[in-house]
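> Model the structure of this input:
(one chain, ligands or ions: 1)
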Amino acid sequence: MSVRASGSQGACRSRNPFFGVTPERALCMTAAGTVADEKLKGRKEAQGVRKRGARAWVQSFEEIPHTGKYGWVNLMKFWRQGYFRQLHKHMEGTFNALGPIYREHVGTQKTVNIILPSDIAELFQSEGRLPQRMTLKPWATHREIRQHSKGIFLKNGEEWRSDRVLLNKEVLMSSAVQRFIPLLDEVARDFCKMLQKKVEREGIGQKGKRSLTVDPSPDLFRFALEAICNVLYGERIGLFSSSPSLESQKFIWAVEQMLATTPPLLYLPHQLLLHIGASLWTQHATAWDNIFSHADARIQKCYRRLSSFQGQGSKAEAAGGQYPGVLGQLMEKGQLSLDLIKANITELMAGGVDTSVTAIMCSCVRTYLKRESIPSIQDFLLRTYEKSKVTYRKHCVCVCVCSVVFLGCFRLYPVGITVNRMPVKDIILQNYRVPAGTTVSVCLYPMGRSSDVFDDPMRFDPGRWSSGKGGQRISGFRSLAFGFGARQCVGRRIAENEMQLLLMHVSDSRHEKVETRRRMLIPIVPQLTDKGPCPPHSSS
Ligand code: HEM
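This next block holds a predicted model:
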């Protein structure tokens, strides 16, 4: 059977502003602005990469190369050139023109953008115990005007930390991961079955060898939502059925709407737009309202379920010893107020539907499978399996292999194109003084493609991430797709496992071929099961 990716609208489209953004409708935490003037080109050569350490000539913040002094003028240029949809390219061009650090002032946003690991190290080392990120103001304003609490994504300081410590226990720590893996596994298996049925039903060709051209995006969106709901609420919402509920479809629409309206609001004075009732703001707020009511309905349901076990000892145990999902765990433990649970669960939902699987399929289907990189993936997987004969049946090998493939994908096609911090003390980057509280953005897309950071950057070589292999050995601060340190992506383990399980089951269920528009037949992943190394997850 073969599945062809049509590569149409969905495969590499918009993604989550912060949790995840694919480049095409990219939004990031940076305030990208206009491409530097032509005359600035070539300054990079003149400037070179400044050596650190010569503190005697530390220059002031104002001397950092910039893309134009006036925020509103820059915003106009930015708008005219369509950089909202091309931020990643804009950043790449600007680094090429201005060197490894530049300032940008667009509309209401000011940032310093960097790409070199030495500067990134300096930035993260100065983040302190309470790492601080720039607040996504339109999201925060929505919470304020609706009097909702904020979740970890929108908080800073001790408030952030106290919520985050509790959430880590439920979604990031290995004990939690073990609890939710079976739920993700079940969804990944069902997704493959659903796909298989679809190909048999709608595909062309002989029975058993049918092929179908699909835009994977809507199905993957459903997969991601089904998976995250199963983990968060401990229940399936039936998105793989032929008639998914209106409520779920509304939710998907709301997430898309919220993401689409965020980028312009980041740069515009959204308070003013709110005041005059501009439709951009209304659409944004309505989308968030729908997202909140989706979470609300789930929380009510979970609350009723847990209440019905009241007086029967531990509620989770009473629920048949079944894992009640992250929400159930949080409610049962009672360490967070109901409002904070709602705020955080809503953020996890919004982050969870839009990132992982779409990201990996963007990378795999749209890019690598079309070009020279698929042999690299195959070679790499096969070489790794050959080398690890003794343990090759172990799930962990498969997971490691998948992980480095994803690292390769994320380097060239990061889901979120920046990670930012506001340092708590003044720092020196490229010998410029950057004052505490400045938003400094690490620009992942240009970094992944920079020959100052990676040898032969455009070559897809997952092997470069594993130590001891020939070629370049990767050292610190180059793999930041999920951010860094205490503030890194809280949903990281959910996303990684979701992606790995999907890849494993797709390879296992003999969806052997992906056909691109050019009608080239290429294997999606090597037939791991034919070689024996990759047993179904649950039996390993
Ligand atoms: C491929 C998938 C994903 C990618 C690449 C990704 C990336 C990121 C990045 C770069 C950050 C900022 C980290 C930092 O500042 O150091 C982040 C934060 C966050 N992500 Fe993800 N994410 C993914 C999936 C998810 C999922 C599945 C969820 C929810 C289940 C999620 C929820 C969050 C939340 C709530 C934060 C804010 C954490 C905090 O501020 O403490 N993400 N993500």
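> that's a strand at residue 110, yeah?
Yes. Assignment of residue 110 by DSSP: H, G, I helix; E, B strand; the rest coil places it within a strand.
> which bits of the stretch 51-200 of the chain sit near the ligand?
Residues of the stretch 51-200 of the chain found near the ligand (CB under 6 Å from any ligand atom) are 133, 152, 153, 164. C-betas here are computed from N, CA, C, even on glycine.
> Show the contacting residues for the second one.
With contacts taken as CB atoms under 8 Å, 6 or more residues apart in numbering, residue 152 has the following neighbours: 160, 163, 164, 167, 344, 347, 490.
> Top of those by number of neighbours, please.
residue 344 (29 neighbours; other CB atoms under 10 Å).
> which residues of the stretch 51-200 of the chain score low on pLDDT?
Within the stretch 51-200 of the chain, the stretches with pLDDT under 70 are 51-56.
> swap the cut-off to 90 and go again
51-57, 78-88, 107-109, 126-129, 135-136, 174-182, 185, 188-189, 191-200 (pLDDT under 90).
> Tell me where it has helices.
With helices called from DSSP state H, counting those that start in this stretch, the stretch 51-200 of the chain shows them at 71-81, 87-98, 117-125, 137-146, 157-171, 174-202.
> Pick the most buried one from those.
Highest mean neighbour count of the helices of the stretch 51-200 of the chain: helix 87-98, a mean of 22 (counted as mean count of other CB atoms under 10 Å).
> report the angle between the axes of it and helix 71-81?
120 degrees (axes from the mean of the first three to the mean of the last three CA atoms, to 10 degrees).
> other SSEs contacting helix 87-98?
Packing partners of helix 87-98 (3 or more CB pairs under 8 Å, 6 or more residues apart in numbering; DSSP states H and E): helix 43-47, strand 101-106, strand 109-114, helix 444-448.
> Report the rounded mean pLDDT for the last one.
So the one you mean is helix 444-448. Mean pLDDT, helix 444-448: 93.
> Next secondary structure after that helix?
Where DSSP states H and E defines the elements, the next helix or strand beyond helix 444-448 is helix 492-508.
> so what secondary structure elements neighbour that following helix?
helix 174-202, helix 216-233, helix 356-361, helix 395-412, helix 528-531.
> Check which residues of that helix are buried.
493-508 (16 or more other CB atoms under 10 Å).
> give me the number of residues near residue 85?
16.
> From residue 409, how far off is it?
For residue 85, the distance to residue 409 equals 21 Å [CB to CB, to the nearest Å].
> With residue 152 instead?
26 Å.
> got it, and residue 275?
In this view, residue 275 and residue 409 are 43 Å apart by CB to CB.
> What of residue 458?
Distance of residue 458 to residue 409, computed by CB to CB: 14 Å.
> So these two - more neighbours on which side?
residue 409 (26 against 11).
> Quick check: the more buried one vs the ligand, distance?
Separation of residue 409 from the ligand (CB to the nearest ligand atom, to the nearest Å) stands at 10 Å.
> With residue 128 instead?
13 Å.
> List the contacts of that residue.
Applying CB under 8 Å, 6+ apart to residue 128 gives the contacts 424, 425.
> near the ligand, which residues of the stretch 351-500 of the chain?
Counting by CB under 6 Å from any ligand atom, the positions of the stretch 351-500 of the chain adjacent to the ligand are 351-352, 355-356, 359, 415-416, 419, 481-484, 487-491, 494-495.
> Where does pLDDT dip in the stretch 251-400 of the chain?
In the stretch 251-400 of the chain, residues with pLDDT under 90: 251-256, 259-275, 277, 294-324, 331-334, 338, 349-400.
> hey, where'd the helices end up in it?
Taking DSSP H, counting those that start in this stretch, the helices of the stretch 251-400 of the chain run over residues 270-276, 279-307, 315-318, 325-333, 338-353, 356-361, 373-387, 395-412.
> Look at residue 307 and say how many residues are nearby.
The number of residues near residue 307, taken as other CB under 10 Å, comes to 11.
> Please tell me how far it sits from the ligand.
26 Å.
> Would you verify that residue 212 is located in a strand?
Yes. The assignment for residue 212 is a strand, going by three-state DSSP.
> From residue 240, how far off is the closest residue to it other than its chain neighbours?
Leaving aside its sequence neighbours, residue 212 sits nearest to residue 203 (CB to CB, 6 or more residues apart in numbering; 3.9 Å). Note on residue 203: its distance to residue 240, by CB to CB, is 17 Å.
> next one: residue 154
Counting by CB to CB, the gap from residue 154 to residue 240 is 32 Å.
> just residue 227 next, same as before
Residue 227 is 11 Å from residue 240, by CB to CB.
> Over to residue 505?
For residue 505, the distance to residue 240 (CB to CB) stands at 13 Å.
> okay, and the common contacts of these two?
Joint contacts of residue 505 and residue 240 (CB under 8 Å, 6+ apart) are residue 191.
> how about stretch 441-453: buried residues?
Neighbour-count burial for stretch 441-453 flags 441, 442, 443, 444, 445, 446, 447, 448, 449, 450, 453 (criterion: 16+ other CB under 10 Å).
> For stretch 332-345, which residues meet the burial criterion?
Under 16+ other CB under 10 Å, the buried positions of stretch 332-345 are 332, 336, 340, 341, 342, 343, 344, 345.
> For the second one, which residues are in contact?
What that stands for is residue 336. 163, 166, 330, 344.
> Out of those residues, which two sit at the greatest distance?
Greatest spatial distance in those: 163 and 330, 10.2 Å, computed using CB to CB.
> Which neighbours do the two have in common?
336, 344.
> Most tightly packed of the helices and strands packed on helix 87-98?
Taking mean count of other CB under 10 Å, helix 444-448 is the most buried of those, at a mean of 27.
> could you turn that one into CSV, dropping everything but the C-alphas?
Provided in CSV are the C-alpha atoms of helix 444-448 (Å, rounded to 0.1, in the frame of the first residue of the first chain):
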residue,chain,number,x,y,z
LEU,A,444,16.9,28.6,15.5
TYR,A,445,16.2,28.6,11.8
PRO,A,446,19.3,30.6,10.7
MET,A,447,21.4,28.9,13.3
GLY,A,448,20.6,25.4,11.9
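> For it, enumerate the helices and strands it packs against.
If you count contacts as 3+ CB pairs under 8 Å, 6+ apart, helix 444-448 packs onto helix 87-98, helix 395-412.
> Report the angle between the first one and strand 101-106.
Orientation note: helix 87-98 sits at an angle of 130 degrees relative to strand 101-106 (the same axes, to 10 degrees).
> Pretty sure residue 183 sits against residue 231.
Yes. Residue 183 lies in contact with residue 231 (CB atoms under 8 Å); the separation is 5.5 Å.
> which residues are common contacts for the two?
residue 325.
> So what touches stretch 171-187?
Counting by CB under 8 Å, 6+ apart, 169-170, 223, 226-227, 230-231, 234, 236, 323, 325-326, 348, 490-494, 497-498, 501, 537-538 sit against stretch 171-187.
> cutoff 7 Å now
For stretch 171-187, contacts defined as CB atoms under 7 Å, 6 or more residues apart in numbering pick out 169-170, 223, 226-227, 230-231, 323, 326, 490-494, 497-498, 501, 537-538.
> how deep is the nearest residue to residue 135 once chain neighbours are set aside tucked in, by neighbour count?
Closest residue to residue 135 apart from its sequence neighbours, by CB to CB, 6+ apart: residue 154 at 6.1 Å. Residue 154: 21 surrounding residues under other CB under 10 Å.
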